[in-house]
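Test case, fold it:
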Amino acid sequence: MSGQTRTLRLDPIGCRAHGLCAELLPELVDLDEWGYPVVDGDPVPPALVNRAKRAAAACPALALRLR
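Reported below is the predicted structural model:
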């Protein structure tokens, strides 16, 4: 998908607040006061796409997607 804009999407219902995504990708994922991730939907910088893929793949609840 070279050259295409990639974004992180979060399923807020599926998320179980494990926080692994924020540990693996702190540049793009913040945690709210309850420990749930917050993503802004902005394009993922090309330099972070591989790390974003790993963070999405590591989500135990499969609630984080890279599109």
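
Tell me who's in contact with D30.
By CB atoms under 8 Å, 6 or more residues apart in numbering, D30 lies in contact with 22, 37-38. The way it works is simple: take the backbone N, C-alpha and C, and place the C-beta from them, glycine included.

between the residues you listed, which is closest to L62?
P37 (13.3 Å; CB to CB).

Other residues contacting the helix ranked longest in the chain?
Criterion DSSP state H: the longest helix present in the chain is helix 49-58. Residues from elsewhere that reach helix 49-58 (CB under 8 Å, 6+ apart): 6, 8, 20-21, 24-25, 28-29, 44, 64-66.

Those residues into JSON lines, with extra columns for distance to R51, pLDDT and secondary structure?
Converted to JSON lines, the contacts of helix 49-58 look like this (distance: CB to CB, whole Å; pLDDT from 0 to 100; DSSP: H, G, I helix; E, B strand; the rest coil):
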{"residue": "R6", "distance to R51": "11", "pLDDT": "96", "secondary structure": "coil"}
{"residue": "L8", "distance to R51": "11", "pLDDT": "96", "secondary structure": "strand"}
{"residue": "L20", "distance to R51": "12", "pLDDT": "95", "secondary structure": "helix"}
{"residue": "C21", "distance to R51": "10", "pLDDT": "96", "secondary structure": "helix"}
{"residue": "L24", "distance to R51": "7", "pLDDT": "96", "secondary structure": "helix"}
{"residue": "L25", "distance to R51": "5", "pLDDT": "97", "secondary structure": "coil"}
{"residue": "L28", "distance to R51": "9", "pLDDT": "96", "secondary structure": "coil"}
{"residue": "V29", "distance to R51": "10", "pLDDT": "96", "secondary structure": "coil"}
{"residue": "V44", "distance to R51": "9", "pLDDT": "97", "secondary structure": "coil"}
{"residue": "L64", "distance to R51": "12", "pLDDT": "97", "secondary structure": "strand"}
{"residue": "R65", "distance to R51": "15", "pLDDT": "96", "secondary structure": "strand"}
{"residue": "L66", "distance to R51": "10", "pLDDT": "96", "secondary structure": "strand"}
